[in-house]
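Enquirer: Below are the sequence and a predicted model; questions follow.
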Amino acid sequence: MPKTQKANEGPRFRLMFGDLWEYDPAPETADPKLKERYELFIDGRFTRPRTGKYFPSINPANERKLADIALAGPRDVDDAYKAAARAFPAWSAMPGRERGKYLFRIARLLQDRAREFAVAETLDGGKPIKESRDFDVPMAAAHFFYHAGWADKLEYVAPGRTVAPLGVVGQVIPWNFPLLMLAWKLAPALAMGNCVVLKPAETTSITALKLAEILQDAELPPGVVNFVTGAGETGAAVMGHPGAAKVAFTGSTEVGKAIMRQLAGTDRKMTMELGGKAANIVFDDAPIDQAVEGIVNGIFFNQGHVCCAGSRLLVQESVADQVIAKLKNRIRVLRVGDPLDKNTDLGAINSKAQLATIRRLVASGVRDGAVMFQPPCPLPEKGYYFPPTLFTRVTQSHRIAREEIFGPVLSVLTFRTVDEAIEKANNTAYGLSAGVWTDKGSRILRMSTELKAGVVWANTFNRFDPSSPFGGYKESGFGREGGRQGLLDYVHIE
Amino acid sequence: MSAKALNRIPVTKTPKVYIGGAFVRSESARTFKVSDRSGTFFGNIPQCTRKDLRNAVEAAAKAGPGWARRTPYNRAQILYRLAEMLEARSGELVESLVLFGAREADAARGMAVGVDRLIHYAGWCDKYAQLLGSVNPVASAHFNFTVPEPMGVVGIIAPDSPPLLGLLSMIAPVIASGNTVVALASEKVPYPAILLGEMLATSDLPGGVVNLLTGFRRELVPTFATHAHLRAIYASAGADDRRALRLGAAASVKRVRFADAEGAGWFSDGAQGLDAIRDFVELKTTWHPIGS
């Protein structure tokens, strides 16, 4: 190592905990109370699928089977819609304060069983227990609690107008935040007086079906909420069913477009929460250490399986070396491994298929000429894992700068001026989120105005709240979830 | 005709469309004939093409950032000024509507409603943000607020009846929030839209904010549907066009809204309000930590 080191290359000394001592394993041991087999949840009862078929749900951390999940066919989906339609008149006519009480109950019962749900979520999806425990499950409960309070306030949703529930709503959710996405979808729909047919993602059905137990305990009237499990075909049946007054989808832009085409001949109301390729922009006056934490959280939270992940780092040229050096140091001490371990920062990739996608796109980054950095980190032998990955010398035309990788892969680009940062940040078909790091208030507000994204995090990243509207611009979808604005997607304005 | 009595041949006007603040004919040099209610030849209207539409989108995109950056107060005054222009020349517009088949009373009432509607939306310019936006009480130490922003370039397909009031009613809420517009006028009664272009040009509306095309729906609907730079479509359309627009819109996840009003419905107060503004804004939520 040269004796003199340029100031902008980062700290002279590094703390290398990983080299000095090993962490003892600290597994979370709460019982997830899983069943061996999960049935469909239709009309308030667990129901065997008419298809007679089941598919396995795998723990991505060790590739072992967790449970068998019922495969819903078109007739099962039809049963679910019929049950929801039967439940709708009474549910929508129920005084809002009573409807709200069910949602309050659901929130409370979920809080009671929070740790159990967190473990189940981590087992089924592969996310670190500290995230499912501290984020997914409490935030899901918070969504029910927040929306419960709206149920008797429909007259305040649209100023000067009367709103009414739509009817039966079909919803399809992704595998990255299984329980939380379910809460985002269910809570506003129910608060506004709709009934629901929802399909969880095929790799992560378990917490939805565990929530069905809570719905039973809460004595939610049968048919108000129905869960049909399965893969793409089941999803298409849910989205395409003529009984749906509205459909809401969260998932990839590709599937979102297919649903839009599928429903082009109908007047079906739609909400689409699709992909993203968020720019996280660091200016030279930013609090660099905070920014580095924000960048790490922005891309490695939930293994990067986040539609609003800060997957494109735009860093001002004058501080680029410094930021990248600090970032590499930070990445070196991230712990990848057993999702149930309380010290784990990056858990398992959700599925074999997603791991293959990440590998394919990372290979394209190398092929396109970007420079890859991966810390030396041992990965478990069994299970689907991918190390935190940083690409430098990325240009805007690289696939890793354009396509959603949905994995722990950060592409770093640089800029010189504010205008160039804006231009590069907006140079994407997506527009879900963006991050800005600077000490200058006026610049934050300018950036927030110019960035074509539904959520802008300034000097922070990946923050969510039930009262805060979330959703995309451009090909990241339309409609909002959360806040008063999100309710409008679940009502008819009369 | 009186012109003959004066022994003078009247100078007829060449109808042109208003794109990017200029009066142009179709790049294709194509026109279609329109005749008045008595069947007498009236003029050759530009039969705009996909290329004209693309040019118009380009003009609208160029005008977009400047228009969106105008203060709401300024946009309000410009919409009000537009109403002034229309009021002053409403006689000419009513005459053009009557010439192509409207009853005199309906045309006059439509004009009055149209001018009033512009004023209605002028008033909205600096108010909708407080009703659609919010400060959000998040459960963490963050200042969190949501504001509506324009979507960008919006494609409008106007109804045949009422041709002018429908067109105005669709344009006004869309530009009130800072969007720019490419609008296709009624195919059956295109001439009032040509006159409207002349009035837009003499208002304070910057060139390119509203671009008006004339031509055939069946030729232009596919491009409206698929043009990726049109961020939203606002159309008065039947079932077939609706399907085509939705199908094309899927490719770029374009927002598609259809006008609820039909015929006489456009005259009612129910055909205006905050809903039409809400349909063409995006909501942006910004987070910032609150220091300790």
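Expert: The structure has been received and is ready for your questions.
Enquirer: and residue A:462, helix, strand or coil?
Expert: coil (DSSP: H, G, I helix; E, B strand; the rest coil).
Enquirer: Contact distance from chain A - what residues of the stretch 101-250 of chain B qualify?
Expert: For the stretch 101-250 of chain B, the contact set with chain A under C-beta under 8 Å from any C-beta of the partner chain comprises B:131-132, B:134, B:136-140, B:142, B:144, B:146, B:149, B:151, B:231, B:242-243, B:246-247, B:249-250. For glycine as for every other residue, the C-beta is placed from the backbone atoms N, C-alpha and C.
Enquirer: how about 6 Å then?
Expert: B:131, B:136-139, B:144, B:146, B:243, B:246-247, B:250 (C-beta under 6 Å from any C-beta of the partner chain).
Enquirer: Quick one: the residues you listed as CSV, columns for pLDDT and neighbour count too.
Expert: Output for those, formatted as CSV (pLDDT from 0 to 100; neighbours: other C-beta atoms under 10 Å in any protein chain shown):
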residue, pLDDT, neighbour count
B:131, 96, 15
B:136, 98, 22
B:137, 98, 12
B:138, 98, 19
B:139, 98, 13
B:144, 98, 22
B:146, 98, 25
B:243, 97, 15
B:246, 97, 24
B:247, 97, 19
B:250, 97, 22
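Enquirer: Quick check: residues of the stretch 301-450 of chain A near chain B?
Expert: So the stretch 301-450 of chain A meets chain B at residue A:448 (C-beta under 6 Å from any C-beta).
Enquirer: What about the residues of the stretch 101-250 of chain B next to chain A, which are in strands?
Expert: If you go by DSSP state E, these have B:144, B:146 in strands.
Enquirer: Which pair of the residues of the stretch 101-250 of chain B next to chain A spans the longest distance?
Expert: B:139 and B:243 (43.8 Å; C-beta to C-beta).
Enquirer: got the contact list for residue 245?
Expert: Reading this off chain A. Applying C-beta atoms under 6 Å, 6 or more residues apart in numbering or on different chains, we find residue A:245 in contact with A:166-168.
Enquirer: wrong chain, I was asking about chain B
Expert: Residue B:245 makes contact with B:225, B:233, B:235, B:256, according to C-beta under 6 Å, 6+ apart.
Enquirer: Now do the helices in chain B.
Expert: B:2-5, B:50-69, B:72-88, B:90-99, B:104-124, B:128-132, B:163-176, B:191-202, B:217-226, B:239-250, B:274-278 (DSSP state H).
Enquirer: So for residue B:288, which of these sits nearest?
Expert: Residue B:288 lies closest to helix B:128-132 among the helices of chain B, at 18.6 Å (C-beta to C-beta).
Enquirer: and the closest one, what other elements does it pack with?
Expert: Under the contact definition 3 or more C-beta pairs under 6 Å, 6 or more residues apart in numbering or on different chains; DSSP states H and E, helix B:128-132 sits against helix B:274-278.
Enquirer: which among the contacts of residue B:245 gets closest to residue A:339?
Expert: Nearest to residue A:339 among those, with distances taken as C-beta to C-beta, is residue B:256, at 41.3 Å.
Enquirer: who are the neighbours in contact with that closest one?
Expert: Residue B:256 neighbours (C-beta under 6 Å, 6+ apart): B:233, B:245-246, B:249.
Enquirer: okay, those residues in CSV with distance to residue A:396 next?
Expert: Below are the contacts of residue B:256 laid out as CSV (distance: C-beta to C-beta, whole Å):
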residue, distance to residue A:396
B:233, 29
B:245, 31
B:246, 31
B:249, 26
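Enquirer: and the nearest residue to residue A:314 once chain neighbours are set aside, what does it touch?
Expert: In this structure, residue A:314 finds its nearest non-sequential neighbour in residue A:281, 4.5 Å apart by C-beta to C-beta, 6 or more residues apart in numbering or on different chains. With contact taken as C-beta under 6 Å, 6+ apart, residue A:281 is in contact with A:314, A:421, A:425, A:436.
Enquirer: quick one: what helix or strand has the last one in it?
Expert: Think residue A:436. Element membership of residue A:436, judged by DSSP states H and E, is strand A:433-437.
Enquirer: Could I get the buried residue list for stretch A:158-175?
Expert: A:158, A:163, A:165-175 (16 or more other C-beta atoms under 10 Å in any protein chain shown).
Enquirer: how much distance is there from the lengthiest helix in chain A to the middle of the chain?
Expert: Counting residues, the longest helix found in chain A (DSSP H) is helix A:74-93. Offset of helix A:74-93 from its chain centre (C-alpha atoms, centre = their mean, to the nearest Å): 27 Å.
Enquirer: Report the buried residues of the helix or strand just after that helix.
Expert: Per DSSP H and E, the first helix or strand lying C-terminal to helix A:74-93 is helix A:96-112. Neighbour-count burial for helix A:96-112 flags A:96, A:99-107, A:109-111 (criterion: 16+ other C-beta under 10 Å).
Enquirer: could you give the angle of the strand or helix carrying residue A:238 to helix A:74-93?
Expert: Assigned by DSSP H and E, residue A:238 belongs to helix A:232-240. Calculated by axes from the mean of the first three to the mean of the last three C-alpha atoms, to 10 degrees, helix A:232-240 forms an angle of 40 degrees with helix A:74-93.
Enquirer: helices or strands up against helix A:232-240?
Expert: Using 3+ C-beta pairs under 6 Å, 6+ apart, helix A:232-240 sits against helix A:74-93, strand A:168-172, strand A:195-199.
Enquirer: Can you give the contact residues for that helix?
Expert: Applying C-beta under 6 Å, 6+ apart, the external contacts of helix A:232-240 come out as A:72, A:74, A:77, A:170, A:172, A:197, A:199, A:228, A:247, A:259, A:262.
Enquirer: for stretch A:260-268, same thing?
Expert: A:240, A:247, B:243, B:246-247, B:250.
Enquirer: any chance of those residues in CSV, with distance to residue B:283 too?
Expert: Shown next, in CSV, are those (distance: C-beta to C-beta, whole Å):
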residue, distance to residue B:283
A:240, 28
A:247, 20
B:243, 28
B:246, 22
B:247, 26
B:250, 22
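Enquirer: before we move on, the earlier item: taking helix A:96-112 as reference, get the angle to the longest helix of chain A.
Expert: Per the same axes, to 10 degrees, the angle that helix A:74-93 makes with helix A:96-112 is 120 degrees.
Enquirer: now helix A:74-93: mean pLDDT?
Expert: Average pLDDT, helix A:74-93: 98.
Enquirer: Just the C-alphas of it, formatted as PDB.
Expert: Taking C-alpha atoms only, helix A:74-93 is exported to PDB below (Å, rounded to 0.1, in the frame of the first residue of the first chain):
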ATOM      1  CA  PRO A  74     -60.800 -21.100 -12.800                       C
ATOM      2  CA  ARG A  75     -63.700 -22.800 -11.000                       C
ATOM      3  CA  ASP A  76     -62.200 -22.100  -7.600                       C
ATOM      4  CA  VAL A  77     -61.700 -18.400  -8.600                       C
ATOM      5  CA  ASP A  78     -65.300 -18.400  -9.700                       C
ATOM      6  CA  ASP A  79     -66.400 -19.800  -6.300                       C
ATOM      7  CA  ALA A  80     -64.400 -17.000  -4.600                       C
ATOM      8  CA  TYR A  81     -66.000 -14.300  -6.600                       C
ATOM      9  CA  LYS A  82     -69.500 -15.800  -6.000                       C
ATOM     10  CA  ALA A  83     -68.800 -15.800  -2.200                       C
ATOM     11  CA  ALA A  84     -67.500 -12.200  -2.400                       C
ATOM     12  CA  ALA A  85     -70.600 -11.100  -4.400                       C
ATOM     13  CA  ARG A  86     -72.900 -12.700  -1.800                       C
ATOM     14  CA  ALA A  87     -71.100 -11.000   1.000                       C
ATOM     15  CA  PHE A  88     -71.000  -7.600  -0.600                       C
ATOM     16  CA  PRO A  89     -74.600  -6.300   0.000                       C
ATOM     17  CA  ALA A  90     -74.400  -6.700   3.800                       C
ATOM     18  CA  TRP A  91     -70.700  -5.700   4.100                       C
ATOM     19  CA  SER A  92     -71.100  -2.500   2.100                       C
ATOM     20  CA  ALA A  93     -74.400  -1.600   3.900                       C
END
